[in-house]
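could you look at this predicted model? Sequence included:
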There are 2 protein chains.
Amino acid sequence: MTGKENEPAFRGYGRSLPMALLRARDTVMNRFRPILRAHDITEQQFRILRALTSANELRAVDVSKSTLLSPPSLSRTIKGLEQRGLISRRMEQDDQRAFLLSISKKGAALVAKIGQQSEAEYLDIESRIGAKKMDQLHKLLTEVDEKI
Amino acid sequence: MTGKENEPAFRGYGRSLPMALLRARDTVMNRFRPILRAHDITEQQFRILRALTSANELRAVDVSKSTLLSPPSLSRTIKGLEQRGLISRRMEQDDQRAFLLSISKKGAALVAKIGQQSEAEYLDIESRIGAKKMDQLHKLLTEVDEKI
DNA sequence: TATCAACAGTTAACATATCAACTAAATTCT
DNA sequence: AGAATTTAGTTGATATGTTAACTGTTGATA
């Protein structure tokens, strides 16, 4: 008896890292989805808006990378955000292919509002998991990004 | 000086747990996507197939829950898998509303093959992160599911 | 038992994702 | 300089995701 007779030839759900990450993200997002929804913003839209609050201006390609949205998705999502006056674009002088995106005051206000409401959820999450473990988790996730 | 003057009113990318989870999952999936693709299987299809290898028969609703696929998505994805002969369904006697899904031999063979190829990637990932930290990560992710 | 609520699964309508192919501009190479 | 390659972004075709509404059970309630 090796104790492994009944193990499948492949990794079951319990040891599937992608599945564990997906499940955890889904669980966490359950907290934030109502907030986004109340402001009529999708997850993807919010990712873009928040990325743009981290800098004055960003190239679309950089937003694409930092939000993990594919260029086509980004291209289409941007249109709606522009039409709603949440972001704006301007051509880049040095490179006629590219343009720079920036968040509008209205957009920044929306992100601030959503961020404010989200903070309550974050604090509750942190109180349930513990600040130390949350820190550990963030570190491990960063490590996955950097080493894999 | 509190050292926090320049912090945004909302959580930046660095402290966004959903984003960190998404990013980590994307990084890990980069390893597995080529394998799935080589077998002409999507991530979602594989989630279903693997869920079905964990039991003889499962109700669609249970597959939906364990794969995190919405009932409509599952409903449509199942059709393709059935047509490819990878799974089969039969009506449940006790409940005429439901049916039971099971994986076929062909499906099981496919999952085994993919699982085998994936294992090499898993081992490499584990060697880069370390078994202890991988364990920690899994534990933390489980904790998020259970406590949030 | 008749009614009503809850549940399993599907369908339809619409939004988003993905992949390949494309335009146009910038880089690199010779 | 001129040709080939790379890069930024878009578009089209198709697949998948999402929400709401729907059919047909089953279960609870009165």
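Thanks, I have it. Numbering: from 1, shown residues only, chains lettered A, B, ... in the order given.

A:Met91 reaches A:Phe99, doesn't it?
Yes - assessed by Cβ atoms under 8 Å, A:Met91 is found in contact with A:Phe99 at 5.3 Å. All C-beta spots, glycine's among them, are computed from the backbone N, C-alpha and C.

any idea how far the residue nearest the centre of chain A lies from A:Lys105?
With distances taken as Cα atoms, centre = their mean, A:Arg47 lies nearest the centre of chain A, 4.9 Å away. Distance from A:Arg47 to A:Lys105, counting by Cβ to Cβ, to the nearest Å: 20 Å.

next one: A:Asn30
31 Å.

same thing with A:Phe99?
Taking Cβ to Cβ, one finds A:Phe99 at 20 Å from A:Lys105.

what about these two, which has more around it?
A:Phe99 (15 against 9; other Cβ atoms under 10 Å in any protein chain shown).

hmm, back to that, touching, the residue nearest to the centre of chain A and A:Ser64? I think so.
No - counting by Cβ under 8 Å, A:Ser64 is not a contact partner of A:Arg47; they are 10.5 Å apart.

may I see the buried residues of the biggest helix by length in chain A?
In terms of residue count, the longest helix belonging to chain A (DSSP state H) is helix A:105-129. Across helix A:105-129, burial judged by 16 or more other Cβ atoms under 10 Å in any protein chain shown covers A:Gly107, A:Ala108, A:Leu110, A:Val111, A:Ile114, A:Gly115, A:Gln117, A:Ser118, A:Glu121, A:Tyr122, A:Ile125, A:Ile129.

with distance to A:Arg84 and pLDDT added, can I get the residues you listed in a markdown table?
Shown next, in a markdown table, are these (distance: Cβ to Cβ, whole Å; pLDDT from 0 to 100):
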| residue | distance to A:Arg84 | pLDDT |
| --- | --- | --- |
| A:Gly107 | 8 | 96 |
| A:Ala108 | 13 | 96 |
| A:Leu110 | 9 | 96 |
| A:Val111 | 13 | 95 |
| A:Ile114 | 14 | 95 |
| A:Gly115 | 18 | 94 |
| A:Gln117 | 19 | 94 |
| A:Ser118 | 20 | 94 |
| A:Glu121 | 24 | 94 |
| A:Tyr122 | 26 | 94 |
| A:Ile125 | 29 | 96 |
| A:Ile129 | 35 | 97 |
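
rewinding a little: what sits against the residue nearest to the centre of chain A?
In this structure, A:Arg47 makes contact with A:Thr67, A:Leu68, A:Leu69, B:Met19, judged by Cβ atoms under 8 Å, 6 or more residues apart in numbering or on different chains.

DNA strand D contacts on chain A?
By Cβ under 7 Å from any atom of the strand, the part of chain A that sits against DNA strand D consists of A:37, A:59-61, A:64, A:71-72, A:74-76, A:78, A:95, A:97-99.

which two in these are spaced the farthest apart?
Using Cβ to Cβ, the pair of the residues of chain A next to DNA strand D lying farthest apart is A:Arg37 and A:Asp95, separated by 37.2 Å.

show me where chain A has strands.
Ranges of strands in chain A, per DSSP state E, are A:58-59, A:87-91, A:99-103.

which of these is buried the deepest?
Highest mean neighbour count of those: strand A:99-103, a mean of 19 (counted as mean count of other Cβ atoms under 10 Å in any protein chain shown).

do it and chain B meet at all?
No - with Cβ under 8 Å from any Cβ of the partner chain as the criterion, chain B is not reached by strand A:99-103; the gap is at least 11.8 Å.

average pLDDT across that strand?
For strand A:99-103, the mean per-residue pLDDT is 96.

how close does A:Arg84 sit to DNA strand D?
Distance of A:Arg84 to DNA strand D, computed by Cβ to the nearest atom of the strand, to the nearest Å: 16 Å.

so what touches the longest helix of chain A?
Outside helix A:105-129, the residues that touch it by Cβ under 8 Å, 6+ apart are A:28, A:31-32, A:35-36, A:39, A:41, A:46, A:49-50, A:52-53, A:81, A:85-87, A:103, A:134, A:137, B:8-11, B:15, B:17, B:140, B:143-144, B:147-148.

buried members of those residues into ChimeraX, please.
Provided next is the ChimeraX selection string for whichever of the contacts of helix A:105-129 are buried by 16+ other Cβ under 10 Å:
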select /A:28,31,32,35,36,41,46,49,50,52,53,81,86,87,103,134,137 /B:10,11,17,140,143,144,148
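
who's in contact with A:Gly85?
Contacts for A:Gly85 (Cβ under 8 Å, 6+ apart) come out as A:Ser104, A:Lys106, A:Gly107.
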